[in-house]
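Novice: got a sequence here, can you build the structure:
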Amino acid sequence: MMDDYAPPKKGVLLIAAAHLIDPNFKRSVVLLCEHGDDGTFGLILNKPLDLTLGEAVEELEEWDVPLYVGGPVQPNTVHVLHKRGDLITDAMEVAPGVFWGGDFETIKALFNTNQVMRDEFRFFLGYSGWGSGQLMDEISQDSWYQAEALADLVFSPVNDRMWSRALRTKGGDYAIIANTPEDPRMN
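Specialist: Reported below is the predicted structural model:
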């Protein structure tokens, strides 16, 4: 099991602590795509939008693909996670079987010729970002739990249970936390 107080790194899932009430991150599961001395970049996996990629990006209007909130930073930018590092140049593997970015013209060509499956991709508006040392401060304040990213979880159908499933992958007491109601007064 991964140490919750370990320094963050690429390929880690951040799981919001049950008491985290920031509306941007409440019950969020964030995949860290990049971490370094300058800061951290991640994408929220479990915040779907009521909008498709085609509705958000004019040049992709025929794409009826779900879109997710990646985070509150630069909400007008599009980011992609996918399983097709074998076909997409410049994609960076952030966890086993999980790739970030790559040549978007290649992605468009693969989609437009039906050479890939939609469930192999997840598109996001915006991202989650932390300045140098900021995320480690939040971790030391018990705002986040950490777990290794598993491709099955990253690309699983999104519903309101992803947060609970991510906690259960840690086992032990985290399985109890996973059952915590969103509003404990309603228990």
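
Novice: and residue 137, how many residues sit next to it?
Specialist: Around residue 137 there are 11 other residues, counting by other C-beta atoms under 10 Å. All C-beta atoms are positioned from the backbone trio N, CA, C, and that covers glycine.

Novice: hang on, it in a helix?
Specialist: Yes: membership of residue 137 in a helix is supported by DSSP: H, G, I helix; E, B strand; the rest coil.

Novice: okay, it and residue 94: tell me how far apart.
Specialist: Counting by C-beta to C-beta, to the nearest Å, the gap between residue 137 and residue 94 amounts to 23 Å.

Novice: which stretches in this protein count as helices?
Specialist: 53-56, 104-112, 134-140, 151-154, 162-168, 173-178 (DSSP state H).

Novice: single out the most deeply packed of those helices.
Specialist: Stretch with highest mean neighbour count among the helices of the chain: helix 162-168 (a mean of 21; mean count of other C-beta atoms under 10 Å).

Novice: could the helices of the chain go into JSON lines alongside mean pLDDT and distance to residue 23?
Specialist: JSON lines is the format used below for the helices of the chain (pLDDT from 0 to 100; distance: least, C-beta to C-beta, whole Å):
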{"stretch": "helix 53-56", "mean pLDDT": "91", "distance to residue 23": "21"}
{"stretch": "helix 104-112", "mean pLDDT": "93", "distance to residue 23": "30"}
{"stretch": "helix 134-140", "mean pLDDT": "96", "distance to residue 23": "16"}
{"stretch": "helix 151-154", "mean pLDDT": "93", "distance to residue 23": "23"}
{"stretch": "helix 162-168", "mean pLDDT": "94", "distance to residue 23": "14"}
{"stretch": "helix 173-178", "mean pLDDT": "89", "distance to residue 23": "20"}
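
Novice: need these in TSV (columns: distance to residue 26).
Specialist: Below are these laid out as TSV (distance: least, C-beta to C-beta, whole Å):
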stretch	distance to residue 26
helix 53-56	23
helix 104-112	31
helix 134-140	14
helix 151-154	19
helix 162-168	9
helix 173-178	14
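
Novice: between the ones you listed, which one is nearest to residue 5?
Specialist: Smallest distance to residue 5 across the helices of the chain (C-beta to C-beta): 6.3 Å, for helix 134-140.

Novice: mind listing residues that contact the closest one?
Specialist: Contacts to helix 134-140, defined as C-beta atoms under 8 Å, 6 or more residues apart in numbering, come from residues 4-5, 7-8, 14, 35, 39-40, 130, 144, 146.

Novice: what about 6 Å?
Specialist: Contact with helix 134-140 is made by 8, 40, 144, as judged by C-beta atoms under 6 Å, 6 or more residues apart in numbering.
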